[in-house]
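Peer 1: Give me the fold of what follows.
(4 chains)
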2 protein chains.
Amino acid sequence: MFKALSNPHRLALFYRLMNCCTPGTRCGMDETRRFCVGELHEGLDIAPSTLSHHLKELHRAGLIQMERRGKHVDCWLEPEVLIQLSHFFKPD
Amino acid sequence: MFKALSNPHRLALFYRLMNCCTPGTRCGMDETRRFCVGELHEGLDIAPSTLSHHLKELHRAGLIQMERRGKHVDCWLEPEVLIQLSHFFKPD
DNA sequence: ACTATATTTCGACATGTTTCGAATTATAGG
DNA sequence: CCTATAATTCGAAACATGTCGAAATATAGT
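Peer 2: Numbering: from 1, shown residues only, chains lettered A, B, ... in the order given. Okay, the predicted model is just below:
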């Protein structure tokens, strides 16, 4: 997981998905709070193929979920992942 | 920081320093709960020069502290770092 | 001063990662 | 079935990282 987050572009993508939900809402469930690949691409200045590669890495690491929805592919982040990660750094 | 933790050897080193303290104790302050470089080397199957390189990276990332104490160099982890990291993954 | 131990620096090489463009697959809508 | 749009796969080049051994530095004790 840390390896997946070690790249600036991937961290930016993760961060974006992390902050797309109103606190307490489950991103994955609420389909209005998902980003498709194209939306995540905005403002990133990398080729589509590079974006695709990075999203695949994030998915492989178990950090994000992906699902095709027509022409688009939606991406979201399960809140469990955040809990798991924050618990790794025990205190608080 | 995630880049520093992205390497298995560095993550192992960090994890070791993370769990060297009784909960609630400040590792840096309690000098009996520090590891010197040599102690951290045990069980890691890498050359001393490689270990040195990895510790330098962890230090550069602000993850660990280092201080020479005679022939040895002590390493420890400030609890603030753990708080900072766990807060990045908001929930909880 | 000399020696032994602990750690770091340096240079080199092998391995991995990031990136792109071109070609490919997937899907929706005429 | 053809076209346009969205996204992925593939292969190649550029770049970064991990690793080691040899040499250098640091320190304590003789």
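
Peer 1: neighbours around A:Val73, how many?
Peer 2: Using other Cβ atoms under 10 Å in any protein chain shown, A:Val73 is surrounded by 17 other residues. Using the backbone N, CA and C atoms, a C-beta is placed for each residue, glycine as well.

Peer 1: Show me where chain A has its helices.
Peer 2: A:2-5, A:8-18, A:37-41, A:48-60, A:79-88 (DSSP state H).

Peer 1: which one of these has the lowest average pLDDT?
Peer 2: Averaged per stretch, pLDDT over those is lowest on helix A:37-41, reaching a mean of 90.

Peer 1: Is DNA strand D within reach of it?
Peer 2: Yes. If you take Cβ under 7 Å from any atom of the strand as the test, helix A:37-41 does meet DNA strand D, through A:Val37, A:Gly38, A:His41.

Peer 1: Return the set of buried residues in that helix.
Peer 2: Of all the residues in helix A:37-41, those buried under the rule 16 or more other Cβ atoms under 10 Å in any protein chain shown are A:Val37, A:Leu40, A:His41.

Peer 1: So which elements touch that helix?
Peer 2: helix A:8-18, helix A:48-60, strand A:72-76 (3 or more Cβ pairs under 8 Å, 6 or more residues apart in numbering or on different chains; DSSP states H and E).

Peer 1: Good, we can wrap up now.
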